[in-house]
Structure formats: structure tokens, C-alpha cells
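Colleague: A predicted structure for the sequence below; I have some questions about it.
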Amino acid sequence: MALGVLATISIQEGKNQEFETLFTALTEKVLANEEGVLLYALHRSKSNPQEYVVMEQYRSAADIDAHGKTDYFLEAQKMMGGLVSAAPVIQVLDVV
């Protein structure tokens, strides 16, 4: 059964462009290398430009786990540490 993930990420003022550039590079790697990823897309809130939501969809829980262990994801996560203003809020959802 496919699973959805919504990750809400709050970014520090003035760090938007750096975050978007970093996330765009991560997205390219994810989509090029992870067959179990069906959707991986960054969205910026219209009401709060410091808030982003990543919409993700995976074939399985194992694919979510594998995604979180890739070298490029772990490296991007380290780099994002200096850009975020709070810990991400992660929701895992069943696809209906």
C-alpha cells in the first residue's frame, strides 16, 4: 500500500532562496535515484512565505526508510539545519 508524507518546514527569514536551491538539488537526486518515490515536491505557503510543505508519496514504508538513509538526504538534512527555524512537522498518511 502506498504511503503519503507531508513535511512542514519553517525557514528562517532571509534563508528562502538558499533553502529552495538546496531542496531543488535534493529533489533531483531523489527522483533520479529512488524507484519507490512516486511524488516528491516542495511547496511554499501563500499565507506564510517562511513555511514550506513537502508532499511525498512512496510505494511502501521500506521506501520511506530507504529514502531517509541515502547519503544525499542525510547531507541535505545537515545543510538545512542552519536554515530552519524549528523542527519539521512530519505526517505519514495512508493513500486512499
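Modeller: Cool, got the structure. Numbers count the residues shown, from 1 in each chain.
Colleague: three-state assignment of the spatially most central residue of the chain?
Modeller: For the chain, the residue nearest the mean C-alpha position is V54 (4.7 Å; Cα atoms, centre = their mean). Taking DSSP: H, G, I helix; E, B strand; the rest coil as the rule, one finds V54 in the strand state.
Colleague: Let's see the pLDDT reported for it.
Modeller: On pLDDT, V54 comes in at 98.
Colleague: hey, what's it bridged with?
Modeller: A7, L42 (DSSP bridges).
Colleague: For the remainder of this discussion, apply numbering that starts at 308.
Modeller: Understood, numbering begins at 308; the last thing we discussed is V361.
Colleague: In contact with it: list those residues for me.
Modeller: 312-314, 316, 330, 347-350 (Cβ atoms under 8 Å, 6 or more residues apart in numbering). Using the backbone N, CA and C atoms, a C-beta is placed for each residue, glycine as well.
Colleague: Got a quick PyMOL command for the buried subset of those residues?
Modeller: Of those, the buried ones can be selected in PyMOL as follows, counting by 16 or more other Cβ atoms under 10 Å:
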select buried, resi 312+316+330+347+349
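Colleague: could I get the contacts of V361 as TSV with distance to D370 and pLDDT?
Modeller: As requested, these are exported to TSV (distance: Cβ to Cβ, whole Å; pLDDT from 0 to 100):
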residue	distance to D370	pLDDT
V312	10	98
L313	16	98
A314	15	98
I316	21	98
F330	19	98
Y347	11	98
A348	16	98
L349	19	98
H350	21	98
